[in-house]
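**Q** please work out how this folds:
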Amino acid sequence: MIVDLLRHGETERGGGLRGSLDDALTELGWAQMRAAVGEAGPWDRLVSSPLQRCARFAEELAARLGLPLQREADLQELHFGAWEGRSAADLMLTDEQGLGQFWADPYAFTPPDGEPVLHFAERVHKAMARLCRVHAGERVLIVTHGGVMRLLLAQARGLPREQLLQVAVGHAAMHRLQYEADGRFVEAG
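**A** I've put the predicted structure just below:
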């Protein structure tokens, strides 16, 4: 299976840790995503996080291309708990130590009331394994979040877990992965 991962575009509430907040796209965010898929594809189906910053664009694209669309709750962003909606600059003022620990090793430190990265990784991997099993041999566009993409790209690149947050994934970034017979994802050109 070949998977194109597309991160949502800019959102109305701006940057920071958006997590499970259900922000809408800005006009620029819509334009970013439309430009990202311009000459890409073709795909056999679309899969999307149910959060509107992903799902609304996926609905539009599926209708335009006449493709089936599946919503996959397990491909939602990491839930940041008490940090949701807050910027790194704000957290530096109120929880500098916690933020530093999270950036140093997100697997070893969980934001207050947040989802442990280990649990996040397990749910994302289960979802991807399920998709690969059900849609073997297809090309799939997955509209999702920066955290999901960082997780999958870091593992495809063989990075140590401490480097998870060093993987850059901008708004409307698209990356292609290929699912190998041994169950691994590798970056594809």
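**Q** quick check, central residue of this protein?
**A** The centre of the chain sits closest to His145, judged by Cα atoms, centre = their mean, with a distance of 2.5 Å.
**Q** spatially nearest residue to it (excluding sequence neighbours)?
**A** Sequence neighbours aside, Glu77 is the residue nearest to His145 in space, at 3.8 Å (criterion: Cβ to Cβ, 6 or more residues apart in numbering). Glycine gets a C-beta too; all of them are placed from N, C-alpha and C.
**Q** count the residues that sit near Glu122.
**A** Number of residues near Glu122 (other Cβ atoms under 10 Å) recorded here: 12.
**Q** no wait, Arg130
**A** Arg130, neighbours per other Cβ under 10 Å, totals 12.
**Q** shift numbering so it begins at 244
**A** Done: numbering now begins at 244, and the last item shifts to Arg373.
**Q** what is the burial count for Ala347?
**A** Other residues near Ala347 come to 11 when the count uses other Cβ under 10 Å.
**Q** what sits against it?
**A** Ala347 is in contact with Glu405, counting by Cβ atoms under 8 Å, 6 or more residues apart in numbering.
**Q** one step back: wait, the residue nearest to His388 touches Pro293, no?
**A** No. Counting by Cβ atoms under 8 Å, Glu320 sits too far from Pro293 to count as a contact (11.1 Å).
**Q** neighbour count winner among those two?
**A** In this view Glu320 and Pro293 are compared by other Cβ under 10 Å, and Glu320 has more residues nearby, 23 against 14.
**Q** tell me which element the more buried one falls in.
**A** Following DSSP states H and E, one finds Glu320 outside all helices and strands.
**Q** pull the contacting residues for it.
**A** Arg261, Gly262, Ser263, Ser292, Leu294, Thr387, His388, Gly389, Gly390, Val391.
**Q** Glu405 now?
**A** Applying Cβ under 8 Å, 6+ apart to Glu405 gives the contacts Ala347, Asp348, Tyr350.
**Q** in helices only, show me those residues.
**A** Ala347 (DSSP state H).
**Q** let me have the contacts of Glu405 in CSV, extended by pLDDT.
**A** CSV is the format used below for the contacts of Glu405 (pLDDT from 0 to 100):
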residue, pLDDT
Ala347, 94
Asp348, 94
Tyr350, 96
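**Q** now the end-to-end length of stretch 301-315.
**A** 12 Å (Cα to Cα, to the nearest Å).
**Q** give me the mean pLDDT for that stretch.
**A** Averaged over stretch 301-315, pLDDT sits at 97.
**Q** and that stretch, how far from the chain's centre?
**A** 17 Å (Cα atoms, centre = their mean, to the nearest Å).
**Q** ok, now stretch 423-432?
**A** On Cα atoms, centre = their mean, the centre of stretch 423-432 falls 18 Å from that of its chain.
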